[in-house]
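Undergrad: Need coordinates for the below:
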Amino acid sequence: MKRILSLILSLVMLMSLSAFADAQYADGTYEGAGAGLMGPIKVSVTVSNGKIADVTVLDHSETPGLSDPAVEAIPAAIIDAQSFHVDAITGATYTSDGIMKAVQNALEGDEETAEIPFEQADMIVIGAGMAGMTAAVRAAELGLNVILFEQTGSVGGSAMVAGGTLLGNNTRMQKEAGIEDSPELAFADFVRLGGAGTFNEEIAREFTYISGASVDWLDDMGCDFGDRVPYPGVYQPLNVDRNYSGKGGASAFIKTLNEELEEYLGKNAYLALNSKVTNLLTDDEGIVVGASVMMADGTQTDFYAAATAICTGGYGGSEELLMKYNFDNILTTSPSFVTGDGYVWLDDLGAAFTNMDFCTAYAGGIRMSDSFFEMGRFNVTNGALWIDVNGHRMADETGADSKVKSDSWSEAEQNIVYTVFSPEMLIADANVFTAGSSGREPAEFDAFSEMLIEKGHAFKADSVEELAQKAGLPVDAFVDTITTYNDGAASGKDAFGRTKQLVAMENGPFYAVETIPYVMITSGGPMMTKDCEVVRTDGTVIQGVYIAGEIVGMANVGGLNSIGGMGHGNCLAWGKQIAEVVHQKLAE
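TA: Next up, the predicted model:
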């Protein structure tokens with residue numbers, strides 16, 4: 001019977017595809033919109049003689065560079081196939097799908113928007129990234145009426161472009177692997193790696209008690225954790241293996257949460273995409289009572305609820321805030337929609353912030369355009385020297401761990417570090433650049449470095465003195481630095497303890513590449529209680545509002561360091577915590 005049913009379904013699908021291929025549309029020009037990763041994608045579709053003759057992307061907010069291949073290729077593919085179902089472009093799947101959906105909506109009309117299935121919300125969740133999805137799913141499971149607002153056209157947020165490392169202790173997967181863990185061991189790691197006194201001890205200890213249960217909860221929903229073997233971390237090793245990976249990255253977490261959320265949509269959960277919260281609503285006593293939202297149809301609407309969860313992420317997509325709190329020069333790999341809205345709203349309500357001056361930086365970013373989203377990267381441990389704007393070396397370049405690299409670029413004057421080298425200094429067969437060009441092939445290296453030289457971000461010279469002059473470095477200090485390094489290479493006793501690839505910089509041409517730090521995630525955030533309530537500067541709690549995810553601040557939980565899996569751990573543990581706290585309060 002199953003085989004017969006399968007054959008029938010296959011026949012129906014073939015007939016449907018055939019009917020679509022032969023579809024005739026009335027001649028004319030139509031417009032439609034589809035959901036991209038960063039927001040709506042608007043297209044114009046021209047039909048001539050009943051066939052799709054032209055597809056033009058009119059407007060979109062997708063990330064420059066990453067989305068370009070889809071914007072260029074998908075319209076042509078749709079015309080060639082005479083179908084809005086074509087193969088997505090690898091690396092730009094969401095943009096591809098958004099264009100296809102926009103064309104479909106232009107030709108067939110937009111789908112009707114579902115109505116909110118209840119009269120009064122118990123909880124509003126702002127942001128449908130991993131933290132917001134977690135809060136909404138858990139709230140719906142507990143029977144709360146929840147509305148989830150997302151300013152872009154799809155769920156997942158930063159998790160859709162992130163690695164899949166998750167942190168949690170005392171989990172089922174640890175027990176399966178015979179690993180013993182405890183809240184005390186996890187807390188000891190925060191002290192060891194992040195530094196005692198640098199984080200909020202109350203929420204750090206709470207995290208060690210709730211993080212494992214949140215991982216198990218995700219596991220119970222069927223999340224694909226691959227081989228299910230915990231590991232010791234992606235930065236500095238943890239004292240116990242308590243990191244886990246979603247198969248295929250963090251999108252595995254979102255897939256699981258989204259499938260669970262769909263069970264409640266139309267019942268006690270409502271998802272509003274392309275709906276941007278513009279501000280929080282408060283009563284006369286300063287209690288947060290809801291949010292004002294610019295809906296997808298362009299109407300400004302106020303929504304009210306007993307609890308509002310801010311899960312808007314960090315501010316890694318805001319050059320303004322990064323330069324306000326952290327850097328003089330900076331690039332980012334964060335999505336453009338992570339603009340720190342939650343920080344601004346809570347600042348207006350008098351929230352206290354902590355560790356805002358700390359932000360984990362990644363080394364070797366190269367500015368490729370005026371946009372701080374478009375960048376190249378230099379492989380900073382490949383043998384080049386790290387030279388600051390004063391012409392001085394900074395560290396053991398080939399022996400540096402993640403913290404040394406981060407600190408070097410964070411603390412450098414103007415956040416500028418020159419990677420200085422001659423070809424023989426570089427590690428054989430290692431990448432020089434990790435974007436735009438890779439490897440040591442002259443055809444690749446020369447073309448990319450020449451392009452950087454034209455942009456004024458790299459310099460090439462036949463002598464050390466000339467290189468300093470071209471790069472604008474103090475000549476005497478730079479020459480002395482290189483001389484000292486070369487003497488150390490000759491004697492085998494480097495001033496910074498470098499032993500790996502200790503090769504003198506003697507034979508030109510000589511290069512200097514101007515690099516600056518880049519961020520993936522921000523680290524500071526509002527002061528909060530273990531119940532995810534936000535604390536004002538006067539020590540009182542802002543009633544009615546809660547936070548989860550990146551806005552909590554990794555530094556506030558784990559201290560001044562990068563701890564593997566903490567980013568996603570803050571989303572899952574605190575998102576689940578919000579729902580359970582609100583449910584308990586409403587039941588009282």
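Undergrad: When you work out contacts or count neighbours from here on, use the C-alpha atoms and nothing else.
TA: Will do.
Undergrad: Tell me the helix or strand right after the least confident helix or strand in the chain by mean pLDDT.
TA: Scoring the helices and strands of the chain by mean pLDDT, DSSP states H and E places helix 2-21 at the bottom, with a mean of 37. Scanning forward in sequence from helix 2-21 by DSSP states H and E, the next helix or strand is strand 28-35.
Undergrad: Nearest residue to the middle of the protein?
TA: residue 158 (3.8 Å; C-alpha atoms, centre = their mean).
Undergrad: what separates it from residue 76, distance-wise?
TA: 29 Å (C-alpha to C-alpha, to the nearest Å).
Undergrad: Residue 242 too?
TA: 47 Å.
Undergrad: between those two, who's got more neighbours?
TA: residue 242 (27 against 16; other C-alpha atoms under 10 Å).
Undergrad: got the contact list for the more buried one?
TA: By C-alpha atoms under 8 Å, 6 or more residues apart in numbering, the contact list for residue 242 reads 167-169, 174, 230-233.
Undergrad: Please, where are all the strands along the stretch 201-350 of the chain?
TA: Taking DSSP state E, counting those that start in this stretch, the strands of the stretch 201-350 of the chain run over residues 243-245, 269-272, 276-282, 288-294, 300-310, 331-332.
Undergrad: among the ones you listed, which is the most enclosed?
TA: strand 331-332 (a mean of 27; mean count of other C-alpha atoms under 10 Å).
Undergrad: for that one, what is the average pLDDT?
TA: The predicted model gives strand 331-332 an average pLDDT of 95.
Undergrad: How about stretch 261-279?
TA: 96.
Undergrad: go on, stretch 36-43?
TA: 79.
Undergrad: Ends of it, what's the gap?
TA: End-to-end for stretch 36-43, by C-alpha to C-alpha: 12 Å.
Undergrad: got a list of contacts for it?
TA: 31-35, 55-63, 94-99, 102-103, 106, 151-154, 157, 274, 335-337.
Undergrad: ditto for stretch 472-490
TA: 389-393, 464-465, 468-469, 494-495, 502-506.
Undergrad: Buried ones from those residues, can you make that a ChimeraX selection?
TA: Per 16 or more other C-alpha atoms under 10 Å, the buried members of those correspond to this ChimeraX selection:
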select :389,391,392,393,464,468,494,502,503,504,505,506
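Undergrad: and of the contacts of stretch 472-490, the nearest to residue 303?
TA: residue 389 (51.8 Å; C-alpha to C-alpha).
Undergrad: any idea how far the nearest residue to that closest one once chain neighbours are set aside lies from residue 422?
TA: Sequence neighbours aside, residue 473 is the residue nearest to residue 389 in space, at 6.1 Å (criterion: C-alpha to C-alpha, 6 or more residues apart in numbering). Distance of residue 473 to residue 422, given as C-alpha to C-alpha: 17 Å.
Undergrad: How far away from the center of its chain is the helix or strand that contains residue 535?
TA: Under the criterion of DSSP H and E, residue 535 resides in strand 533-535. Offset of strand 533-535 from its chain centre (C-alpha atoms, centre = their mean, to the nearest Å): 24 Å.
Undergrad: Enumerate every residue touching the closest residue to residue 144 other than its chain neighbours.
TA: Closest residue to residue 144 apart from its sequence neighbours, by C-alpha to C-alpha, 6+ apart: residue 122 at 5.9 Å. By C-alpha under 8 Å, 6+ apart, the contact list for residue 122 reads 144-146, 305-307.
Undergrad: for residue 228, same thing?
TA: Counting by C-alpha under 8 Å, 6+ apart, residue 228 makes contact with 173, 244-245.
Undergrad: want to throw the residues you listed into TSV with pLDDT?
TA: As requested, the contacts of residue 228 are exported to TSV (pLDDT from 0 to 100):
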residue	pLDDT
173	98
244	97
245	95
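Undergrad: Out of these, which comes closest to residue 368?
TA: residue 245 (31.8 Å).
Undergrad: what pairs with that closest one across the strands?
TA: residue 165 (DSSP bridges).
Undergrad: Please look at it and residue 166 and confirm they touch.
TA: Yes: with contact defined as C-alpha atoms under 8 Å, residue 245 reaches residue 166; the gap is 6.2 Å.
Undergrad: How about residue 579: what's its closest non-neighbour residue?
TA: Closest to residue 579 by C-alpha to C-alpha, 6+ apart is residue 139, at 4.7 Å.
Undergrad: elements contacting the helix or strand containing that neighbour?
TA: Mapping residue 139 onto the secondary structure by DSSP H and E places it in helix 130-141. For helix 130-141, the elements it packs on are strand 121-126, strand 146-149, helix 251-262, strand 300-310, helix 566-587, judged by 3 or more C-alpha pairs under 8 Å, 6 or more residues apart in numbering; DSSP states H and E.
Undergrad: can you redo the ones you listed as a markdown table with distance to residue 477?
TA: Supplementary listing: these in a markdown table, determined by distance: least, C-alpha to C-alpha, whole Å:
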| stretch | distance to residue 477 |
| --- | --- |
| strand 121-126 | 52 |
| strand 146-149 | 55 |
| helix 251-262 | 49 |
| strand 300-310 | 50 |
| helix 566-587 | 41 |
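Undergrad: Go through the ones you listed and name the closest to residue 378.
TA: Short answer: helix 566-587, nearest of the helices and strands packed on helix 130-141 by C-alpha to C-alpha, at 24.8 Å.
Undergrad: Give me the contacts around that closest one.
TA: 123, 130-136, 138-139, 142, 144, 165-168, 207, 210-211, 214-215, 307, 309, 521, 531-532, 546-550, 552, 554, 558.
Undergrad: looking only at pLDDT, what's the mean for it?
TA: The model assigns helix 566-587 a mean pLDDT of 97.
Undergrad: Stretch 88-108 now?
TA: According to the model, stretch 88-108 has a mean pLDDT of 85.
Undergrad: Thought residue 365 was touching residue 406, still the case?
TA: No: using C-alpha under 8 Å, residue 406 makes no contact with residue 365, being 11.6 Å away.
Undergrad: between the strands of the stretch 201-350 of the chain, which gets nearest to residue 447?
TA: strand 331-332 (22.7 Å).
Undergrad: partners of that closest one in the sheet?
TA: Strand 331-332 is paired, per DSSP bridges, with strand 510-519 (parallel).
Undergrad: Okay, buried residues for the strand it pairs with please.
TA: Applying 16+ other C-alpha under 10 Å to strand 510-519 flags 510-519 as buried.
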